[in-house]
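K.L.:
this is a predicted model, with the sequence first.
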Amino acid sequence: MQASRPSQPRPIRRLIIAGGGTAGWMSAAMLSKSLGRLMEIILVESDEIGTVGVGEATIPTMINFHKLLELDEAQFMAATNATFKLGISFENWRAIGEHYIHSFGETGIDHWTAGFQHFWHKGRERGLAGGYGDYCLELRAAQKERFAHLPDDGLNYAYHLDAGAYARFLRRFSEGFGVRRVEGKIGSVNTDPESGHIASLTLADGSVLEGDFFIDCTGFRSLLLGGALGVPYEDWSELLLCDSALAVQTESTERMVPYTRSIAHGGGWQWQIPLQTRVGNGLVYSSRYLDDDSARETLLGNLDSKPLFEPRLIRFKPGQRAQTWKANCVAFGLSSGFLEPIESTSIHLISRNLIRLMQLFPTDGISAADIEEYNRQVSEEMVHIRDFIILHYHLNERQEPLWRACREMEVPATLRHRLELFGDTGRVFREQKELFAENSWIQVMLGQGLIPASHHRSADLMPDHELKGFLDSIRTRVDQLVAQLPPHKDYVRRYCGS
Ligand code: FAD
């Protein structure tokens, strides 16, 4: 078979990044570190327009991204007012008064035939097991508000950070690798009528920025991919009902918990993200079920400390662009799509898609096959994350209209299958390269109240005394390790106090 020919055989000499939020500067950092010697990289952003100003909770994949950039962790954390994150505490999600933690760790010890959940399930039936989370180091450390780096990456973690400070930090980094920043408002995006590729950006002052390849990081506006190239948006708002958020920062409190708090309310849910010197807060809600004034009242009525400004309203449409790479333009961040912030996946997607682009980078010309492969991978990951997010909403016992609607909705067949598999037999399988591993699904399914009807027979082969010894030994080891960790707040102050 004949290989597909590059649709743009011209080598890339000049790359333009449009937008300087988290997505723009993460792109600038990665592209300049890896390709800065091969091409000129320019980032254009507008101070007048500003950034979305949220996006402060991350997941452990950020550590890998920073390793690729060879960043110094303590320096990065001090510069971004960051704290450690061991998971997310879901409060009142399943029902008012119920809560659980989705932690970043492994729980218990698996057998090759059956995951730990089967042994825990048997133990629970026999009255020998504690809560599922008792067997997870990260979860117990989160509950006890303790943290330290352990040898051999023994404790999985991510960060809470100040999004604005992160962009500034990456800007300094990228400029060190030769990125040129241009201040200006993009007035128009000019395409070549023959190839359909983007040729240049015209700024409001009339200046023109020509380029061979363009990265669209213009946020929800999606000026290049959605606007100039006309890539349609796939709207998932029938599956993810929240479409609005109010965000506000508050003064810091005495506690600095090493987890994000996610607290469900009647018409949505509230986040609390502790940084070193302030707390990020917000309410994500569905405008179909909660009006903006009531949302504001709910948020302000449930803050633990004084707000630093008036809450800011952000509207969004859950979904993704039908393609996130078209012609000579790739979109990252909000311009490529947005689900919602419940599992802090957006910044992960920026870094993951940057790595994908690096692996398929069209240095010597753009190939249609590369574009197709990239779009396939990106879309598959979005669908996987979408299903995981729907799970949180769908399994609930709350009575308010939003929660009833989520419970009663027809979920995608892919999610339905996972729920049936776990509900019937406790089995969970991770497809290759999926972001959320078995333990994430198990923690959330159990936390939302789905207890399997049965377990694998491997667990029945263990007599009670052996099973008890097995479960107790894991729990004891976890508790002993947690007891040796310092309080999170003390560790942060010593390691990276800002
Ligand atoms: P933006 O921050 O909007 O940046 C857009 C850039 O484009 C700006 O620099 C702007 O000036 C520039 N621009 C736009 N138009 C023009 C123009 N005409 N000319 C010149 N420049 C222009 N993600 C997480 O991972 N974790 C979270 O906890 C999380 N929480 C979130 C909570 C909410 C409510 C929302 C809405 C999102 C959240 N996200 C979260 C997503 C996260 O905020 C974004 O993925 C991330 O900030 C990247 O945004 P961005 O850079 O794509 O867009």
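P.N.:
Great, that's in hand.

K.L.:
any regions of the stretch 301-450 of the chain where pLDDT drops low?
P.N.:
By pLDDT under 70, the stretch 301-450 of the chain contains no weakly predicted segment.

K.L.:
residues in it within reach of the ligand, list them.
P.N.:
With CB under 6 Å from any ligand atom as the criterion, the stretch 301-450 of the chain meets the ligand at residues 314, 316, 333, 334, 335, 341, 344, 346, 347. For glycine as for every other residue, the C-beta is placed from the backbone atoms N, C-alpha and C.

K.L.:
grab the two from the residues you listed that are most spread out in space.
P.N.:
Farthest-apart pair in these is 335 and 344; separation 18.8 Å (CB to CB).

K.L.:
rewinding a little: could I get the residues of the stretch 301-450 of the chain next to the ligand as TSV with secondary structure?
P.N.:
Formatted as TSV, these follow (DSSP: H, G, I helix; E, B strand; the rest coil):
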residue	secondary structure
314	strand
316	coil
333	helix
334	helix
335	helix
341	helix
344	coil
346	helix
347	helix
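
K.L.:
in PyMOL, select just the buried ones from those.
P.N.:
The buried residues among those can be selected in PyMOL (16 or more other CB atoms under 10 Å) with this line:
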select buried, resi 314+316+333+334+335+341+344+346+347
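
K.L.:
which of the residues of the stretch 301-450 of the chain next to the ligand sits closest to residue 89?
P.N.:
Checking these against residue 89 by CB to CB gives residue 344 as the nearest, at 12.9 Å.

K.L.:
once you drop chain neighbours, what's closest to that closest one?
P.N.:
In space, and not counting its chain neighbours, residue 344 is closest to residue 57: 4.0 Å by CB to CB, 6 or more residues apart in numbering.

K.L.:
mind giving me the packing neighbours of the helix or strand where residue 139 lies?
P.N.:
Per DSSP states H and E: residue 139 is located in helix 137-144. On a contact count with 3 or more CB pairs under 8 Å, 6 or more residues apart in numbering; DSSP states H and E, helix 137-144 meets strand 87-91, strand 99-103, helix 464-484.

K.L.:
and for the next helix or strand along the chain from that helix, what's in contact with it?
P.N.:
Proceeding N to C from helix 137-144, the next assigned helix or strand is strand 158-160, under DSSP H and E. With CB atoms under 8 Å, 6 or more residues apart in numbering as the contact definition, strand 158-160 has outside contacts at 56-63, 77, 80, 82-85, 104, 260, 273-275, 280, 344.

K.L.:
filter the residues you listed down to the ones in strands?
P.N.:
Among the contacts of strand 158-160, DSSP state E puts 83, 84, 85, 260, 273, 274, 280 in strands.

K.L.:
isn't the last one right up against residue 56?
P.N.:
Looking back up the chat, that one is residue 280. Yes. When contacts are counted by CB atoms under 8 Å, residue 280 is listed as touching residue 56 (4.6 Å).

K.L.:
these two: which is more packed in?
P.N.:
Counted by other CB atoms under 10 Å, residue 280 and residue 56 do not tie: residue 56 has more neighbours, with 31 against 23.

K.L.:
give me the distance between that one and residue 82.
P.N.:
Between residue 56 and residue 82 the distance is 9 Å, computed by CB to CB, to the nearest Å.

K.L.:
overlap in contacts, the two.
P.N.:
Residues touching both residue 56 and residue 82 (CB under 8 Å, 6+ apart): 160, 161, 162, 275.

K.L.:
now, of these, which are buried?
P.N.:
Applying 16+ other CB under 10 Å to these, the neighbour count classes 160, 161, 162, 275 as buried.

K.L.:
the ligand: which of those is nearest?
P.N.:
residue 160 (8.4 Å; CB to the nearest ligand atom).

K.L.:
can you give me the helices for the stretch 101-250 of the chain?
P.N.:
116-125, 137-144, 163-176 (DSSP state H, counting those that start in this stretch).

K.L.:
and these: which comes nearest residue 365?
P.N.:
Closest to residue 365 of the helices of the stretch 101-250 of the chain, according to CB to CB: helix 163-176, at 25.3 Å.

K.L.:
count the residues that sit near residue 308.
P.N.:
12.

K.L.:
I meant residue 232, not that one.
P.N.:
Residues within reach of residue 232, counting by other CB under 10 Å, total 10.

K.L.:
OK, contacts around it?
P.N.:
Taking CB under 8 Å, 6+ apart, one finds 226, 321, 322 in contact with residue 232.

K.L.:
pLDDT at residue 222, what is it?
P.N.:
For residue 222, the pLDDT comes out at 98.

K.L.:
just to revisit the earlier point, tell me the one among the residues of the stretch 301-450 of the chain next to the ligand nearest to the ligand.
P.N.:
residue 333 (2.3 Å).

K.L.:
which residues touch the residue nearest to residue 456 when sequence neighbours are not counted?
P.N.:
Nearest residue to residue 456, sequence neighbours excluded (CB to CB, 6+ apart): residue 114, at 3.6 Å. Neighbouring residues of residue 114 by CB under 8 Å, 6+ apart: 455, 456, 458, 459.

K.L.:
and those residues, which is closest to residue 355?
P.N.:
The shortest approach to residue 355 among the contacts of residue 114 belongs to residue 456, at 35.4 Å (CB to CB).

K.L.:
and that closest one, how many neighbours?
P.N.:
Neighbours of residue 456 under the rule other CB under 10 Å: 20.

K.L.:
who's in contact with residue 338?
P.N.:
Going by CB under 8 Å, 6+ apart, residue 338 touches 220, 316, 317, 318, 319, 346.

K.L.:
if I look at it, how far off is residue 490?
P.N.:
Going from residue 338 to residue 490 by CB to CB gives 36 Å.

K.L.:
so what does the closest residue to residue 439 other than its chain neighbours have for phi and psi?
P.N.:
Excluding the flanking residues, the one nearest residue 439 by CB to CB, 6+ apart is residue 107, at 5.4 Å. Backbone geometry at residue 107, expressed as degrees, to the nearest 10, gives phi -110, psi 130.

K.L.:
which residue is the nearest non-sequential neighbour of the spatially most central residue of the chain?
P.N.:
Nearest to the mean C-alpha position of the chain, counting by CA atoms, centre = their mean, stands residue 345 at 1.4 Å. What sits nearest to residue 345 in space, not counting adjacent residues and going by CB to CB, 6+ apart, is residue 385, at 5.1 Å.

K.L.:
neighbours of the one you found, how many?
P.N.:
Using other CB under 10 Å, residue 385 is surrounded by 21 other residues.

K.L.:
then it would be within a helix, right?
P.N.:
Yes. Assigned with three-state DSSP, residue 385 falls within a helix.

K.L.:
returning to that earlier point: ok, which of the helices and strands packed on helix 137-144 comes nearest residue 168?
P.N.:
It is, among the helices and strands packed on helix 137-144 and with distance given as CB to CB, strand 87-91, at 26.3 Å.

K.L.:
the closest one pairs with which strands?
P.N.:
Using DSSP bridges, strand 87-91 pairs in its sheet with strand 99-103 (antiparallel), strand 260-265 (parallel).

K.L.:
what's the overlap in contacts for residue 280 and residue 56?
P.N.:
Residues touching both residue 280 and residue 56 (CB under 8 Å, 6+ apart) are 160, 273.

K.L.:
re earlier: ok, which of the shared contacts of residue 56 and residue 82 also contact the ligand?
P.N.:
Applying CB under 6 Å from any ligand atom to the shared contacts of residue 56 and residue 82, one finds that nothing falls near the ligand.

K.L.:
re the thing from before, pull the most distant pair out of the contacts of residue 338.
P.N.:
Pairwise distances across the contacts of residue 338 (CB to CB) peak at 14.1 Å, for the pair 317 and 346.

K.L.:
ok, residue 306 - contacts?
P.N.:
Applying CB under 8 Å, 6+ apart, we find residue 306 in contact with 250, 251.
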